[in-house]
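Enquirer: need a 3D model of the following:
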Amino acid sequence: MQLETNSWTEIEEVAPTAALVPVGSTEQHGPHAPVGTDTIIARAIAADADREWAGDSVVLPPVPVGIAPYHGRFSGTLSVSPETLRRYVRDIVESLSNSSSGIETVVLVNGHGGNGETLSHLARKLSTSTSIDLDVYRWEWMRAVDEHVGHAGELETSVLLHLCPEDVGEPVTGDATTWANTVDGGVLHEFTDEFSENGAVGDATDASPEQGERVFATAVDALVSFLDRIQ
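Expert: Just a heads-up that it's a prediction; the model follows:
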């Protein structure tokens, strides 16, 4: 069920035990994909997993702005600090813990790689907190699919063509083939436009809605399986 489209009495009647929190980003995705790509995909995966899972779950409204300062030189990009994201998501989880909703497990359905480290640390800290009686996990669709997911590349663009083709422009080849910021064991701090002028990483010209449907289904199945594992 969707939290924001149901009344409190309907939510109380269903008594979901798991909450799915889509966490996305608002950032450039090349000249062909919407800046809300990460949020769109995370929200859609959470919604489908909620429908397919045999247990009782609820999808919360998405967190639409994440950690993306390295995309900041492109128009439309928004970003918050790791501290802000951590505090905001923590407050959401705390409100679930303090309510009478019956939620036992929270899954942060992350759609943006830049959020990963912060959400992982937060999930572990919350799960061991003595003041919050909830199990909290980070889950990422990019890790659930077998193939490498670039930035506005073939796979990500394919998923968008499956979900919202009207919001996708003509797919392009990125000005970078890989996001290679790890050198000699160290991580370089680069702005995206320093290695990809058009902001895309990978070649999206072979993207298709059929491929996107397959990748999306794989991700949804993985999230459903993960829910079975932790509940």
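
Enquirer: helices along the protein, start to end?
Expert: Applying DSSP state H to the chain gives helices spanning 8-14, 37-52, 82-98, 116-127, 141-144, 154-163, 209-230.

Enquirer: what is the burial count for P209?
Expert: P209 has 17 neighbours, counted by other Cβ atoms under 10 Å. Glycine gets a C-beta too; all of them are placed from N, C-alpha and C.

Enquirer: measure the nearest residue to it once chain neighbours are set aside to Q28 for me?
Expert: Leaving aside its chain neighbours, P209 sits nearest to L161 (4.2 Å; criterion: Cβ to Cβ, 6 or more residues apart in numbering). In this view, L161 and Q28 are 18 Å apart by Cβ to Cβ, to the nearest Å.

Enquirer: helices and strands of this structure: which one has the lowest mean pLDDT?
Expert: The helix or strand of the chain with the lowest confidence, counting by mean pLDDT, DSSP states H and E, is strand 182-183 at a mean of 76.

Enquirer: partners of it, with directions?
Expert: Strand pairing for strand 182-183, using DSSP bridges, gives strand 186-187 (antiparallel).

Enquirer: where does the protein dip in pLDDT?
Expert: 180 (pLDDT under 70).

Enquirer: returning to what we had before: go through the helices of the chain and name the closest to T182.
Expert: Nearest to T182, of all the helices of the chain, is helix 116-127, at 14.0 Å by Cβ to Cβ.

Enquirer: what residues sit buried inside the closest one?
Expert: Of all the residues in helix 116-127, those buried under the rule 16 or more other Cβ atoms under 10 Å are 116, 118-119, 122-123, 126.

Enquirer: show me what that helix is packed up against.
Expert: helix 82-98, strand 105-110, strand 135-140 (3 or more Cβ pairs under 8 Å, 6 or more residues apart in numbering; DSSP states H and E).

Enquirer: dump those to JSON lines, plus mean neighbour count and distance to V168.
Expert: JSON lines is the format used below for those (neighbours: other Cβ atoms under 10 Å; distance: least, Cβ to Cβ, whole Å):
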{"stretch": "helix 82-98", "mean neighbour count": "16", "distance to V168": "27"}
{"stretch": "strand 105-110", "mean neighbour count": "26", "distance to V168": "22"}
{"stretch": "strand 135-140", "mean neighbour count": "22", "distance to V168": "22"}
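
Enquirer: any chance of those in TSV, with distance to P62 too?
Expert: TSV is the format used below for those (distance: least, Cβ to Cβ, whole Å):
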stretch	distance to P62
helix 82-98	11
strand 105-110	9
strand 135-140	14
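
Enquirer: which ones are touching the one residue sitting closest to the centre of the chain?
Expert: Of all residues in the chain, the one closest to the mean position by Cα atoms, centre = their mean is G111, 1.8 Å from it. Listed by Cβ atoms under 8 Å, 6 or more residues apart in numbering, the contact set of G111 reads 22-25, 37-43, 45, 140-141.

Enquirer: nearest spatial neighbour of G102, skipping sequence neighbours?
Expert: G102 sits nearest to A15 (Cβ to Cβ, 6+ apart), 4.7 Å away.

Enquirer: contacts only, for D56.
Expert: Neighbours of D56 in contact, by Cβ under 8 Å, 6+ apart: 14-18.

Enquirer: give me the subset of the residues you listed lying in strands.
Expert: A18 (DSSP state E).

Enquirer: do me a favour and get the end-to-end distance for stretch 136-145?
Expert: The separation between the terminal residues of stretch 136-145, taken as Cα to Cα, to the nearest Å, is 22 Å.

Enquirer: start the count at 138, not 1, going forward
Expert: Done: numbering now begins at 138, and the last item shifts to stretch 273-282.
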